[in-house]
Every structure is written in structure tokens, then in C-alpha cells.
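Enquirer: Dropping a prediction and its sequence here:
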Amino acid sequence: MLTTPLAVLNNLSAFRGERQVLNGFNLTLHEGESVAILGPNGCGKSTLLKLLTRDLYHVDQPDSQLLIKGQSQINLMQLRTWIGMVSQDLQALYTPYTKGRDVVASGLFGAIGVHSHLNLTDAQQLRVDQVMADLHLEGLSETMFQRLSTGQQRRLLLARALIHQPSTLIFDEPTNSLDLQAAFELIATMRQLVQSGTNLIIATHHVQEIIPEVQRIILMKQGRIVADGDKKQVLTTDNLSALYGIALKLMEQDGFYQVYPA
Ligand SMILES: Nc1ncnc2c1ncn2[C@@H]1O[C@H](COP(=O)(O)OP(=O)(O)OP(=O)(O)O)[C@@H](O)[C@H]1O
């Protein structure tokens, strides 16, 4: 039985400031698959992800189309139950004085922080408690954002995204700026999420972040997809060397990848 794709992007153009990042961009993302999008700095990974979360809009042209779950007109609250986002951009928006619990609760409103006019219902309070407990974050409820490590902040952002139990979670450079312990904890959590039925879309330039559960790899360069397909076929020494314009050697062990200079 054919299911409606998670996202269909047809002939999309997108700008960041005055710069055209995507031009005639096409991509279909399916339900039930976990995907890694790799490409050098500035190739357009975050721009693509922001289109999916509606943080950014494509240029409205007669022959362009963006469908999420088959819909072109997308209710944002509905969208958050389909797609959650964890990114450094979002992390950077929080004020130093936001308490841990409010970071998580703010996801209920699609807000940055919880303001005095935003009252949580008992059910919402319970949901915040539950998602914080699931990620072992109860102890950070009252701690201000500025007092947390980058790893703790990132886990709060993950809890914020999980508040709506989205079927797909986007991670934009998930372990950037994390120390090894925080990075490996986050990778373990990402694996558990896939194993419990959440699909991941991971954008990165670090192959170490491609967890074994990822099946599909998309390689991007200068706003275009240069390779797309099954991990074994696409994630190769030759493809990565061409992507980054440097001779590399790719090694795989226990489903994880590492690169070395060739
Ligand atoms: N607000 C902005 N104004 C102008 N240009 C921007 C803006 N945001 C991003 N860009 C530029 O758009 C291009 C694509 O950026 P994008 O963040 O999508 O790339 P990326 O592949 O995610 O890069 P990175 O791996 O460095 O995060 C880059 O050249 C970037 O400098």
C-alpha cells in the first residue's frame, strides 16, 4: 500500500537574505525512513530543513510546490505533531534567564520561553513532567538556561521538540559543540528514538553523527542534491572526497562511520 510521503518538494527556490540558496530543488521524503543530509558549510542543509518546519518559505511560483503529508496549506500546530526540530539556531534564541522547564513548555506554544499570558493546563503540565522525566531532565526544571552546559541545553531543546510526540524529528548538526560524553549520550538517545518508531532527519557535515539506523543518505553541494539513495551505495570514500573536494578515507565500524585524510 502506498502511503502519502512526509514531504514533497517540487521545483523550489529559496533565499536567505539576498542570496538564492535553492533553485529548482526537488526532493521526496518518505514516512518510516531515517535520513542523513550531508554537505559542506553553506550548501543549503539548514535552508532545506527550515522549509520543512515552515521557519522559511519558498518563492511562490506557479510550478513550485511544497507538500507536507500531502498538504500545501499547513496548520503550524498540526505540523509540530508531524515534525519536531532540534537546532543550534533555536538554542541560540533562548534568553539566559529562561528556566529549564519553560524551555520545554514553550514547545507547546511554538514560542521561545513561556510568557505570563501563556497558562498551562493540568494536562500540559503533566506532559512537560513526562517528557522531562523521559530524558532525565527533572533536575533542571528551575535552572536558568545560562547555567546549563551546552549538552543540557540541547537535551532541553529535544524535550521541547518531543512535547508534541512528532513522528519525525529533525536534528540540525546534533552534536555540534558538545563534549564526547554529551555527544554520545545524545547519539544513544537518537538511536532509541528511531527504535521506538520516530523517524530522524539529520543534517550534518560529520559522518560520526550518522547513526546505524539511518538508511538513506542525501549529499548536497551548492544548493543541489548530488547523490541520494541507500547508505551503502551513497556513503562511500569516493562520494565524500568529491563532496568535500579533499581526498578522504571513509571507515565503518559497528554501523558507525569515521573519516580520515587519505
Ligand atoms: N540570514 C541570512 N542572510 C544571508 N545569507 C544567509 C543567511 N542565512 C544563511 N545564509 C547563507 O545561505 C547559505 C546556505 O546556508 P545554510 O545555513 O542553509 O547552509 P548549511 O548547509 O546549513 O551550512 P552549515 O553547514 O554551515 O550550517 C550560506 O551561504 C549562508 O551563508
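Expert: Happy to help now that I have it. Just so you know, these numbers come straight off a predicted model, no measurement behind them. Numbers count the residues shown, from 1 in each chain.

Enquirer: Let me know whether Met132 touches Gly139 as I believe.
Expert: No - contact between Met132 and Gly139 fails when scored by C-beta atoms under 8 Å: they sit 9.1 Å apart. C-beta: built from backbone N, CA, C; applies to glycine.

Enquirer: Which of those two has more residues huddled nearby?
Expert: Met132 (24 against 10; other C-beta atoms under 10 Å).

Enquirer: Show the backbone phi and psi for that one.
Expert: Note on Met132: its backbone torsions stand at phi -70, psi -40 [degrees, to the nearest 10].

Enquirer: Distance check, Leu219 against the ligand.
Expert: Going from Leu219 to the ligand by C-beta to the nearest ligand atom, to the nearest Å gives 12 Å.

Enquirer: Could you number the chain from 838 rather than 1 from now on?
Expert: With the count now opening at 838, the last piece we talked about shows up as Leu1056.

Enquirer: Now that residue: closest residue in space, sequence neighbours ignored.
Expert: Leaving aside its sequence neighbours, Leu1056 sits nearest to Ala1064 (C-beta to C-beta, 6 or more residues apart in numbering; 4.2 Å).

Enquirer: so for the helix or strand where the one you found lies, what's the average pLDDT?
Expert: Counting by DSSP states H and E, the element that carries Ala1064 is strand 1061-1067. If you average the pLDDT over strand 1061-1067, you get 97.

Enquirer: Return the set of buried residues in that strand.
Expert: Of all the residues in strand 1061-1067, those buried under the rule 16 or more other C-beta atoms under 10 Å are 1062, 1064-1065.

Enquirer: Helix or strand: which one has Leu846?
Expert: According to DSSP H and E, Leu846 maps onto strand 844-853.

Enquirer: Oh, that last question was meant for Leu1056, not what I typed.
Expert: Applying DSSP H and E, one finds Leu1056 within strand 1053-1058.

Enquirer: got a pLDDT number for whichever residue of the stretch 938-1087 of the chain sits closest to the ligand?
Expert: Closest contact between the stretch 938-1087 of the chain and the ligand, by C-beta to the nearest ligand atom, is at His1042 (5.5 Å). Predicted confidence (pLDDT) for His1042: 88.

Enquirer: what about Thr865, which SS state?
Expert: Here Thr865 is recorded as strand under DSSP: H, G, I helix; E, B strand; the rest coil.

Enquirer: State the distance from it to Leu1037.
Expert: Distance, Thr865 to Leu1037, by C-beta to C-beta, to the nearest Å: 17 Å.

Enquirer: neighbour-wise, which of the two wins?
Expert: The neighbour comparison of Thr865 against Leu1037 (other C-beta under 10 Å) goes to Leu1037, with 21 against 12.

Enquirer: In a strand, the more buried one, correct?
Expert: Yes - judged by three-state DSSP, Leu1037 forms part of a strand.

Enquirer: Quick one: residues contacting the residue nearest to Gly921 when sequence neighbours are not counted.
Expert: Spatial nearest neighbour of Gly921, excluding adjacent residues (C-beta to C-beta, 6+ apart): Ala998 at 3.2 Å. Ala998 sits next to 921-923, 944, 1006 when contact means C-beta atoms under 8 Å, 6 or more residues apart in numbering.

Enquirer: Val968 contacts Val941, correct?
Expert: Yes - Val968 lies in contact with Val941 (C-beta under 8 Å); the separation is 6.3 Å.

Enquirer: Pull up the overlap in contacts between those two.
Expert: Taking C-beta under 8 Å, 6+ apart as the criterion, Val968 and Val941 both touch 996, 1000.

Enquirer: quick one, which of those two is more surrounded?
Expert: Val941 (28 against 21).

Enquirer: returning to that earlier point: just send the buried residues of strand 1061-1067 back as JSON lines, with distance to Gln1018 too.
Expert: Listed next are the buried residues of strand 1061-1067 as JSON lines, based on distance: C-beta to C-beta, whole Å:
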{"residue": "Ile1062", "distance to Gln1018": "34"}
{"residue": "Ala1064", "distance to Gln1018": "33"}
{"residue": "Asp1065", "distance to Gln1018": "34"}
